[in-house]
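*Asks:* Build me a structure from this.
(2 chains)
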Number of protein chains: 2
Amino acid sequence: MPEPLSRLMAELTRLPGIGPRGAERIAFHLLRTPEIEVMRLVDALRDVKENLRPCSQCYNLTDADPCPICGDERRDHGLIVVVEQPKDVMLLEQTGLIRGVYHVLMGHLAPLDGVDPSDLTIDALLRRIRKGQAREVLLATNPTVEGDATALYIHSVLQPLGTSVTRLARGLAVGSEVEYASKAMLEAAITGRVPL
Amino acid sequence: MPEPLSRLMAELTRLPGIGPRGAERIAFHLLRTPEIEVMRLVDALRDVKENLRPCSQCYNLTDADPCPICGDERRDHGLIVVVEQPKDVMLLEQTGLIRGVYHVLMGHLAPLDGVDPSDLTIDALLRRIRKGQAREVLLATNPTVEGDATALYIHSVLQPLGTSVTRLARGLAVGSEVEYASKAMLEAAITGRVPL
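*Replies:* I've put the predicted structure just below:
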């Protein structure tokens, strides 16, 4: 196999969800694809790395600064939704239920992997809250050990500031069955039960 | 979603085997990937389009001309194996059973799609045989309607040259069961039966 082709296949195999067979299929597809179309993919890849930068306010990835959400005066800047990664912003936006703004932590606390608070954007979050009019901070970290630890830590550092801190509800997954719920899910659903 | 990101996802979705969810997963993975690694993929893509060219003898894609196979004096240049596409060369090479050289047609005859003999590299094959020492031409086109039509056409234009023309055996797929063989496969196996 010519070296450029095997190198392309090796690079493709590093992408998530692409195995050796998939990489081979894509590589041979690209061989047959007109150069101009491959260059469109090349440009899109380069563009994402060169032109997407963290928003100076919320750290969401954006090609404008401030990002369209932080720059939108019609949004409720008194509600800051704290998420782990840019993708979470997009998913929450798709619900259409968040009228506030966001803050992207760029990860979660993981002391064993050497990720401590200074590796996240927690200091920037504190600065935003100190100088701003934040009424409520909604913690939307993942319902995992790391996400919960991160939420608890942020809660502890926010307490002196007097801002109200909430977090996403957890319980039974909508559309699931009680029969198949995990013990942790049932515990969350029981502890967090609400009046009908 | 920022425009560079949605554009990257659109381009990724055009690749075979990558749907909208896969494209999203890869795009967000690339967001987190260091720029230098994404640039390695970009370079590999560009390299394949810029540096792989058809070999002037066999039309296999190569970064050297003649390709390593055509340039290898230890190979049997008296046996030309005719295949539809570069990938077929690679698969046949992996068997280690071909000691001859190749000729890549770059497709198969498909009159309804407007692919006629002049769109394939058949003229170049004839020139190679006329000026060379080809003893045998082994047709390794696909066992499909189009592949068979292409093989028959090549056979007809080669006949005046007096070169021996063979084609790959067909019959039961090794490891399969007679019970599940298609009618066409059984017919090929019966017609082509060989003494034990």
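*Asks:* Could you double-check that residue A:122 sits in contact with residue A:105?
*Replies:* Yes. With contact defined as C-beta atoms under 8 Å, residue A:122 reaches residue A:105; the gap is 6.9 Å. Any C-beta I mention is one placed from the backbone N, CA and C, and that applies to glycine too.
*Asks:* The two: who's more crowded?
*Replies:* Using other C-beta atoms under 10 Å in any protein chain shown, the more surrounded residue of residue A:122 and residue A:105 is residue A:105, with 25 against 21.
*Asks:* quick one: pLDDT of residue A:40?
*Replies:* On pLDDT, residue A:40 comes in at 96.
*Asks:* Which residue is the nearest non-sequential neighbour of it?
*Replies:* Distances taken as C-beta to C-beta, 6 or more residues apart in numbering or on different chains place residue B:11 nearest to residue A:40, at 5.8 Å, with adjacent residues excluded.
*Asks:* Tell me the buried residues in stretch A:105-119?
*Replies:* A:105, A:106, A:107, A:108, A:109, A:115 (16 or more other C-beta atoms under 10 Å in any protein chain shown).
*Asks:* out of these, who's nearest residue B:192?
*Replies:* Nearest to residue B:192 among the buried residues of stretch A:105-119: residue A:107, at 62.2 Å, using C-beta to C-beta.
*Asks:* How about the residue nearest to the spatial centre of chain A, nearest residue that isn't a chain neighbour?
*Replies:* Chain A has residue A:85 as the residue nearest its centroid, 2.0 Å off, counting by C-alpha atoms, centre = their mean. Once flanking residues are discounted, residue A:85 sits nearest to residue A:104: 6.5 Å by C-beta to C-beta, 6+ apart.
*Asks:* Quick check: bridge partners of that neighbour?
*Replies:* Beta bridges link residue A:104 to residue A:83, judged by DSSP bridges.
*Asks:* Enumerate every residue touching it.
*Replies:* By C-beta atoms under 8 Å, 6 or more residues apart in numbering or on different chains, residue A:104 lies in contact with A:54, A:58, A:59, A:60, A:83, A:84, A:85, A:86, A:88, A:89, A:121.
*Asks:* Please apply the same query to residue A:82.
*Replies:* Contacts of residue A:82 (C-beta under 8 Å, 6+ apart): A:102, A:103, A:105, A:125, A:137, A:138, A:139, A:140, A:141, A:151, A:154.
*Asks:* do you know how far it is from chain B?
*Replies:* Here residue A:82 is placed at a distance of 19 Å from chain B (C-beta to the nearest C-beta, to the nearest Å).
*Asks:* for the helix ranked longest in chain A, packing partners?
*Replies:* What stands out as the longest helix in chain A, according to DSSP state H, is helix A:35-51. Helices and strands touching helix A:35-51, by 3 or more C-beta pairs under 8 Å, 6 or more residues apart in numbering or on different chains; DSSP states H and E, are helix B:3-13, helix B:20-32, helix B:35-51.
*Asks:* Give the buried residues for that helix.
*Replies:* By neighbour count with 16+ other C-beta under 10 Å, helix A:35-51 contains the buried residues A:38, A:40, A:41, A:42, A:44, A:45, A:46, A:47, A:48, A:49.
*Asks:* How about stretch A:20-28?
*Replies:* A:22, A:23, A:24, A:25, A:26, A:27, A:28.
*Asks:* re earlier: ok, which pair from the buried residues of helix A:35-51 is furthest apart?
*Replies:* A:38 and A:49 (17.2 Å).
*Asks:* residue boundaries of the strands in chain A?
*Replies:* Ranges of strands in chain A, per DSSP state E, are A:53-54, A:61-62, A:76-83, A:100-104, A:136-139, A:164-167.
*Asks:* Can you say which of those is nearest to residue B:96?
*Replies:* With C-beta to C-beta as the measure, strand A:61-62 is the member of the strands of chain A nearest residue B:96 (48.7 Å).
*Asks:* Quick one: mean pLDDT for the closest one?
*Replies:* In this model, strand A:61-62 has an average pLDDT of 92.
*Asks:* ok, and does that strand reach over to chain B?
*Replies:* Yes. With C-beta under 8 Å from any C-beta of the partner chain as the criterion, chain B is reached by strand A:61-62 at A:61, A:62.
*Asks:* Show me how far that strand is from its chain's centre.
*Replies:* Offset of strand A:61-62 from its chain centre (C-alpha atoms, centre = their mean, to the nearest Å): 11 Å.
*Asks:* just to revisit the earlier point, what two of the buried residues of stretch A:105-119 are the furthest from one another?
*Replies:* By the measure C-beta to C-beta, A:106 and A:109 form the most distant pair in these, at 11.7 Å.
*Asks:* how does chain A divide up, domain by domain?
*Replies:* According to automatic domain parsing, chain A comprises the domains A:3-51, A:75-167.
*Asks:* Turn the ones you listed into JSON lines, including distance to residue A:194.
*Replies:* Putting the domains of chain A into JSON lines (distance: least, C-beta to C-beta, whole Å) gives the following:
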{"stretch": "domain A:3-51", "distance to residue A:194": "38"}
{"stretch": "domain A:75-167", "distance to residue A:194": "14"}
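*Asks:* Compare these and give me the one nearest residue B:185.
*Replies:* Once the domains of chain A are compared by C-beta to C-beta, domain A:3-51 is nearest, at 23.8 Å.
*Asks:* measure that closest one end to end?
*Replies:* From its first residue to its last, domain A:3-51 covers 31 Å (C-alpha to C-alpha, to the nearest Å).
*Asks:* do stretch A:178-189 as well
*Replies:* End-to-end span of stretch A:178-189 (C-alpha to C-alpha): 10 Å.
*Asks:* how about it: buried residues?
*Replies:* Of the residues in stretch A:178-189, those buried (16+ other C-beta under 10 Å) are A:181, A:185, A:188, A:189.
*Asks:* what's the spacing between the third one and residue B:68?
*Replies:* Same thing as residue A:188. As judged by C-beta to C-beta, to the nearest Å, residue A:188 and residue B:68 stand 62 Å apart.
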